[in-house]
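let's see this in three dimensions:
(one chain, ligands or ions: 1)
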Amino acid sequence: MIRIPKSIFNGMVEHAEKESPFECCGILGGKNHRVEKAFKLQNAEKSPIRYSMAPQDQLKVFEEMEKESIDMIAVYHSHPHTIPFPSETDVKLAFYPEVASIIISLKEEQNPVVKAFRIGKEAICLEEIEVIG
Ligand SMILES: [Zn+2]
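All right, here's what the predicted structure looks like:
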């Protein structure tokens, strides 16, 4: 279970809509499965079907999270044209199995869908998202 404040949740969807038709990406930090802060990152690939975060951008986020004593809870990215399920590339590039992968699907323009997964070597598990306050 991941708890995400409504403002951060909506911010992720807006980020996805703004970057469309390219995928957006970012990192969510917080404590005890509760998100406190979102870091929007550049998709270094500028691609509609994949994303990558520049190492120097990630480093900056890690430093900021350390300063604020929060942990990395999830990495998010968008699927401008496809369903909210990890693609083959997403599975291959899941660097942090202990961190949830959140996917924002804009497949249905009027109805963005946000889902969280744990991508392990053996299986992909759906993780529940609770939008709070
Ligand atoms: Zn993806």
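
outside of stretch 84-102 itself, list whatever touches it.
2, 12, 28, 49-50, 52, 72-77, 79, 103-105, 107, 113-121, 124, 127, 129 (CB atoms under 8 Å, 6 or more residues apart in numbering). To be clear about C-beta, it is placed using only N, CA and C from the backbone, and glycine gets the same treatment.

mind listing what's buried in the helix or strand where Gly30 lies?
Per DSSP states H and E: Gly30 is located in strand 25-31. For strand 25-31, the neighbour count (16 or more other CB atoms under 10 Å) marks Cys25, Gly26, Ile27, Leu28, Gly29, Gly30 as buried.

in contact with the residue lying closest to the last one once chain neighbours are set aside, which residues?
Counting by CB to CB, 6 or more residues apart in numbering, the nearest residue to Gly30 once its immediate chain neighbours are dropped is Glu36, at 4.0 Å. Remark: with contacts taken as CB under 8 Å, 6+ apart, Glu36 is in contact with Pro5, Gly29, Gly30, Glu68, Ile70.

now render the residues you listed as CSV, adding pLDDT and distance to the ion.
Shown next, in CSV, are these (pLDDT from 0 to 100; distance: CB to the ion, whole Å):
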residue, pLDDT, distance to the ion
Pro5, 98, 24
Gly29, 98, 20
Gly30, 98, 22
Glu68, 97, 27
Ile70, 98, 24
